[in-house]
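S.K.: Quick one, structure for this:
(one chain, ligands or ions: 1)
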Amino acid sequence: MRFCTLLFCASIAFGVAFDTTITVTRAAEGVYVFSSGRDGHVRNLNSIAVVNEADVLIFDTNTRPATTRAVLAELRKITDKPVRWIVNSHWHPDHWSGNEVYAAEFPGVTIISTEETRDYMRNIAPAWPEMFAGRLRRMQQEATDSVEDREAIERYTGLVADTSALKRVYPNVVYRDRMNLHSGARRFELLSMCGDATASTVLYLPKEKTVLIGDLLAYPTQWGAQGSSLSAWIDSLHRLDAMDIETIVAGHGPVMHDKKYLRLVIELFETARKQVRELLLGGMVELADVQKAVKLGHLRPKFEEMAATFTTDCVRMAYLEARDGMNSVK
Ligand SMILES: [Zn+2]
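M.R.: So this is what the prediction gives:
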């Protein structure tokens, strides 16, 4: 049976620019997707609750604790069962910065990620307050007097304040490669895969044929990665394609009930990789030249929104991978 029922929307006002409207969608039996709007860092962000016989598992916990509190308020309209498990798909700040809200509300909650993800969190998160503050200063310097710019700065100012005040709560159970969890009749398979972050967790519910994939996909704009490998990402997408799945919940965007978008992204990645390899074998050297020579425009009509920045990122990833991480020599 397929579910995709829009249950309700709720909104809490935190200023015009920080949108804490939560849209709740039922994706499968007991699987609820809480989607939030612009939070200063990202948009169309999903946090997912799986309601089991006696407890709840939360997959990803937002960029800002205020959003997480709004999600928790919505969850309370669905069930009063305790949150026993949290799974953080990867280390990017929009997927685990609300851990502290659940840790305070449910002392002893088990927070799970891959071992690599926890290491990345511990290594990178301490830099974020200053990194975000620096970005805010650049935004303020470059801003015009437009309403859009003013709202963006207001949102980002709030994000910087929240990030500085955060008490980071890290995963307390880690795994490598794969791990199974059981809660009553519910069975979960946690699989380490590559998305826009290395060693991301994909959570598979085999009985429900439903998979929660973090940012292995993001809709409608697929973005690039900072450090992960394009080929490892492509391999993970093929692995997903081979799985018995009816419902896909990505880290961003609506619930998907087919593999159409998954296959489009595979086509985009493989086309970029093939062209980059051919250009390098043909003697091209500089990244800027490769960026200009790769032609991905024929794929554009297949995507609702294919951002130029993403296609550039994707070519850069293929270029660096083909040269074992070595950039152009200037
Ligand atoms: Zn994300």
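S.K.: CA atoms for contacts and neighbours, from now on please.
M.R.: Noted.
S.K.: Residues in a beta bridge with residue 87, which ones?
M.R.: residue 59, residue 112 (DSSP bridges).
S.K.: For residue 326, see how far away it is.
M.R.: Using C-alpha to C-alpha, to the nearest Å, residue 87 is found at 34 Å from residue 326.
S.K.: which element is residue 77 on?
M.R.: helix 65-78 (DSSP states H and E).
S.K.: before we move on, back to that, between residue 87 and residue 326, tell me which one has more neighbours.
M.R.: residue 87 (26 against 10; other C-alpha atoms under 10 Å).
S.K.: What's the separation between the more buried one and residue 171?
M.R.: 8 Å.
S.K.: Overlap of the contact sets of those two?
M.R.: 111, 112, 113 (C-alpha atoms under 8 Å, 6 or more residues apart in numbering).
S.K.: which residues does the second one contact?
M.R.: Think residue 112. Residue 112 makes contact with 85, 86, 87, 88, 171, 172, 173, 174, 175, according to C-alpha under 8 Å, 6+ apart.
S.K.: ranking the residues you listed by neighbours, who comes first?
M.R.: Of these, with other C-alpha under 10 Å as the count, residue 88 tops at 28 neighbours.
S.K.: re the thing from before, now do the buried residues in the helix holding residue 77.
M.R.: 65, 66, 67, 68, 69, 70, 71, 72, 74, 75 (16 or more other C-alpha atoms under 10 Å).
S.K.: Go ahead and confirm the first one touches residue 104.
M.R.: Yep, that's residue 65 we're talking about. No. With contact defined as C-alpha atoms under 8 Å, residue 65 does not reach residue 104; the gap is 11.4 Å.
S.K.: Quick check: phi and psi on the closest residue to residue 254 other than its chain neighbours?
M.R.: Nearest non-adjacent residue to residue 254, counting by C-alpha to C-alpha, 6 or more residues apart in numbering: residue 219, 7.3 Å away. When read as degrees, to the nearest 10, the backbone of residue 219 gives phi -120, psi 140.
S.K.: Check the one 3 residues further on too.
M.R.: Backbone geometry at residue 222, expressed as degrees, to the nearest 10, gives phi -80, psi 130.
S.K.: That one and residue 311, how far apart?
M.R.: 9 Å.
S.K.: before we move on, what about residue 90?
M.R.: 22 Å.
S.K.: Comparing the two, which residue is more hemmed in?
M.R.: residue 90 (30 against 23).
S.K.: what about the residue lying closest to the more buried one once chain neighbours are set aside, neighbour count?
M.R.: Leaving aside its sequence neighbours, residue 90 sits nearest to residue 200 (C-alpha to C-alpha, 6+ apart; 4.9 Å). Counted with other C-alpha under 10 Å, residues neighbouring residue 200 total 25.
S.K.: for the one 10 residues further on, same thing?
M.R.: In terms of burial, residue 210 registers 23 neighbours under the definition other C-alpha under 10 Å.
S.K.: And the strands in the protein, which stretches?
M.R.: Using DSSP state E, the strands of the chain run over residues 5-10, 22-28, 31-36, 45-51, 56-59, 83-87, 110-114, 173-175, 178-183, 186-193, 200-205, 210-212, 247-249.
S.K.: between the fourth one and strand 22-28, how big is the angle?
M.R.: It stands for strand 45-51. On the basis of axes from the mean of the first three to the mean of the last three C-alpha atoms, to 10 degrees, strand 45-51 is oriented at 50 degrees to strand 22-28.
S.K.: and stretch 301-319, how far out from the chain's middle?
M.R.: Centroid displacement of stretch 301-319 relative to its chain, using C-alpha atoms, centre = their mean, to the nearest Å, is 17 Å.
S.K.: Give the buried residues for that stretch.
M.R.: 303, 306, 311, 312, 313, 314, 315, 316, 317, 318, 319.
S.K.: List the contacts of the closest residue to the fourth one other than its chain neighbours.
M.R.: With C-alpha to C-alpha, 6+ apart as the measure, residue 291 is the residue that lies nearest to residue 312, at 6.6 Å, once sequence neighbours are left out. Counting by C-alpha under 8 Å, 6+ apart, residue 291 touches 312, 315, 316.
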